[in-house]
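> Predicted coordinates and the sequence they were generated for:
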Amino acid sequence: MAITRLTDIITVFDSKWTYGDVKFGYDGEVNQDHDTQYPLMLVTPPESIIPVIYDGREEYSFEINFYNLYSQAAQSVVTLQKRWDNLQDLSNEWLDMVLKNYQDVTVEAYLNDESIEIERIKDTQNDKLVQIKLVFTMSAFTKCFRPVSNYPSDFSDLVVWLRADSGATFDIPTKRVSAWADGSGNSNDVAQATKANQPLRNGYDGANDKAYISFDGTNDSMLSNNNCPISNNSFTIFTVAKQNTASAQRYSVFNYESGSIELNIGFNDNKHSSYITNGIGLSFYDSVVSSEYAILATSFNSTGRLTTSMNQGGNSSSVVAGWDETITFKSSPFNIALRDTNVFSDTNIEEIIVYNRELSSSEKQDVKGYLNLKYKIY
């Protein structure tokens with residue numbers, strides 16, 4: 001019975017760590033083969049106690065280590081404490097996702113009060129690494145803990161969730177990204193099979209030293225495996241990105257085009273921009289210069305009204321003239337960093353979140369709160 005329960009817990013631990021490699025083993029085994037994708041989570045085999053066997057509760061004392069690279073070159077652009085803090089952010093988000101998994105399900109688990117310890121370690125194992133050690137005791141099969149953080153997956157109709165720190169399939173030496181997995185659970189992944197056109201995945205140095213996907217503005221782009229999933233004539237899209245090279249051209253982070261319909265979230269005239277047209281009328285929003293990372297929230301409804309806001313700023317709202325409420329956005333795939341078949345974006349992208357409806361004001365604030373907390377863009 002204990003083996004089954006431990007297997008369940010480790011399976012959940014593994015599935016919720018989507019930022020790099022995960023290993024169930026011991027500290028001395030870190031990167032023995034020098035093929036690790038960082039950040040790495042190492043789950044040390046836990047001690048286990050069954051204090052009340054007839055109640056079916058079992059106690060596990062876990063020691064979990066999180067590692068990320070900290071090379072000499074990195075020290076000139078980011079402080080050691082920032083690298084530690086961001087590794088701790090990932091470990092906290094991972095633990096919250098684990099605990100959310102055990103809400104209202106058959107197998108339940110909670111953290112024992114005041115059992116968490118965090119230790120910061122530098123220059124460890126076979127690489128120049130920073131390390132966070134997380135020690136806690138978990139009781140399985142007893143419901144108690146309730147996490148309070150909001151995540152995009154807490155709201156209905158999430159159809160695309162692309163995160164640079166999660167789900168990227170890339171070659172370790174070259175950093176070239178061949179596929180980027182959708183975290184919404186709907187398999188709306190994006191991919192690029194041609195190596196010369198693949199963007200690069202960087203594990204740090206983005207906004208708040210987070211991971212980002214870098215598109216070169218020459219030929220890098222990614223295409224969705226499925227048609228665009230916006231089918232309700234309304235949507236809400238959040239993007240976290242910045243433009244690297246100044247240009248007056250309209251560029252894309254997220255782009256959908258079919259006939260006379262175009263939806264483009266990205267940049268225009270060196271500003272963060274949202275743009276939509278039906279071939280008759282158009283609506284757009286241009287904000288501050290795009291050389292800085294920004295959180296852009298764009299929503300649209302069946303009346304043709306486009307509403308956009310920047311970071312925690314106010315809203316801009318306008319209507320597309322002659323909008324037909326029967327129009328949807330699902331006739332063709334969507335592109336990342338590509339517009340008009342040959343306009344490529346020189347951009348760093350950290351996160352793209354798409355909902356198949358217009359979120360309420362409070363829901364938008366909660367999603368922006370998640371992004372602000374993660375990227376520290378205000």
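Received it, and whenever you're ready, just let me know what you need. Numbering: from 1, shown residues only.

> Would you agree Asn301 is in contact with Glu358?
Yes - Asn301 lies in contact with Glu358 (C-beta atoms under 8 Å); the separation is 4.7 Å. Where C-beta positions appear, they are placed from N, C-alpha and C, glycine not excepted.

> Common neighbours of those two, please.
Common contact partners of Asn301 and Glu358 (C-beta atoms under 8 Å, 6 or more residues apart in numbering): Ser234.

> Okay, Lys368 and Ser299: tell me how far apart.
12 Å (C-beta to C-beta, to the nearest Å).

> who has more neighbours, these two?
Per other C-beta atoms under 10 Å, whichever of Lys368 and Ser299 has more neighbours is Ser299, with 25 against 19.

> What are the boundaries of the strands in the stretch 201-350 of the chain?
212-216, 222-227, 235-243, 251-258, 261-268, 271-277, 282-289, 294-300, 305-310, 315-319, 333-336, 338-339, 343-344, 346-355 (DSSP state E, counting those that start in this stretch).

> Worst mean pLDDT among those?
Looking over these, mean pLDDT reaches its minimum on strand 282-289, with a mean of 80.

> Any chance of a markdown table for the strands of the stretch 201-350 of the chain, columns distance to Lys374?
Shown next, in a markdown table, are the strands of the stretch 201-350 of the chain (distance: least, C-beta to C-beta, whole Å):
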| stretch | distance to Lys374 |
| --- | --- |
| strand 212-216 | 12 |
| strand 222-227 | 22 |
| strand 235-243 | 8 |
| strand 251-258 | 17 |
| strand 261-268 | 19 |
| strand 271-277 | 18 |
| strand 282-289 | 20 |
| strand 294-300 | 10 |
| strand 305-310 | 17 |
| strand 315-319 | 22 |
| strand 333-336 | 20 |
| strand 338-339 | 26 |
| strand 343-344 | 27 |
| strand 346-355 | 8 |
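
> which stretch among those strands comes nearest Gly28?
Gly28 lies closest to strand 212-216 among these, at 32.2 Å (C-beta to C-beta).

> Who are the packing partners of the closest one?
Counting contacts by 3 or more C-beta pairs under 8 Å, 6 or more residues apart in numbering; DSSP states H and E, strand 212-216 packs against strand 200-202, strand 346-355.

> And the helix or strand containing Arg83, what's buried?
Using DSSP states H and E, Arg83 sits in helix 80-101. For helix 80-101, the neighbour count (16 or more other C-beta atoms under 10 Å) marks 83-84, 86-87, 89-91, 93-95, 97-101 as buried.

> ok, back up a step: so which of the helices and strands packed on strand 212-216 is the most surrounded?
Of all these, strand 346-355 has the most neighbours on average by mean count of other C-beta atoms under 10 Å, namely a mean of 25.

> Dump that strand to PDB, restricted to CA.
Listed next in PDB are the C-alpha coordinates belonging to strand 346-355 (Å, rounded to 0.1, in the frame of the first residue of the first chain):
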ATOM      1  CA  ASP A 346      12.600  40.200 -33.700                       C
ATOM      2  CA  THR A 347      11.100  39.600 -30.300                       C
ATOM      3  CA  ASN A 348      11.500  37.800 -26.900                       C
ATOM      4  CA  ILE A 349       8.300  36.000 -25.800                       C
ATOM      5  CA  GLU A 350       7.800  34.800 -22.300                       C
ATOM      6  CA  GLU A 351       4.100  33.900 -22.100                       C
ATOM      7  CA  ILE A 352       1.000  33.700 -24.300                       C
ATOM      8  CA  ILE A 353      -2.400  32.900 -22.700                       C
ATOM      9  CA  VAL A 354      -5.600  32.600 -24.800                       C
ATOM     10  CA  TYR A 355      -9.200  32.100 -23.600                       C
END
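
> what's it packed up against?
Helices and strands touching strand 346-355, by 3+ C-beta pairs under 8 Å, 6+ apart, are strand 158-163, strand 212-216, strand 235-243, strand 251-258, helix 361-375.

> among the ones you listed, which is nearest Phe136?
helix 361-375 (21.7 Å).

> What is that closest one packed up against?
strand 235-243, strand 294-300, strand 346-355.

> To Asn270, which of those strands lies closest?
Closest among those, using C-beta to C-beta: strand 235-243, at 6.8 Å.

> So what are the sheet partners of the closest one and their directions?
strand 294-300 (antiparallel), strand 346-355 (antiparallel) (DSSP bridges).

> Ok, which of those strands comes nearest Arg176?
Nearest to Arg176, of all the strands paired with strand 235-243, is strand 346-355, at 15.1 Å by C-beta to C-beta.

> Next, the angle from the closest one to strand 261-268.
Counting by axes from the mean of the first three to the mean of the last three C-alpha atoms, to 10 degrees, strand 346-355 points 130 degrees away from the direction of strand 261-268.

> Please state the offset of strand 346-355 from the chain centre?
Once both centres are worked out by C-alpha atoms, centre = their mean, to the nearest Å, strand 346-355 turns out to sit 9 Å from its chain's centre.

> dump the residue contacts of Ser71.
Counting by C-beta under 8 Å, 6+ apart, the residues that Ser71 touches are Lys128.

> give me the element it is part of.
With DSSP H and E as criterion, Ser71 is part of no helix or strand.

> now it: how far from Val78?
Distance of Ser71 to Val78, given as C-beta to C-beta: 11 Å.

> same check, this time on Glu351
In this view, Glu351 and Val78 are 19 Å apart by C-beta to C-beta.

> Mind listing the residues bridging to Ile352?
Residues in beta-bridge contact with Ile352 (DSSP bridges): Leu162, Thr239.

> Provide a list of residues in contact with it.
By C-beta under 8 Å, 6+ apart, the neighbours of Ile352 are Val160, Trp161, Leu162, Ile237, Phe238, Thr239, Val240, Val253, Phe254, Ile336.

> Can you lay out the residues you listed as CSV showing distance to Asn278 and neighbour count?
Shown next, in CSV, are the contacts of Ile352 (distance: C-beta to C-beta, whole Å; neighbours: other C-beta atoms under 10 Å):
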residue, distance to Asn278, neighbour count
Val160, 22, 26
Trp161, 27, 23
Leu162, 26, 27
Ile237, 17, 22
Phe238, 23, 24
Thr239, 22, 24
Val240, 27, 26
Val253, 21, 28
Phe254, 18, 29
Ile336, 23, 26
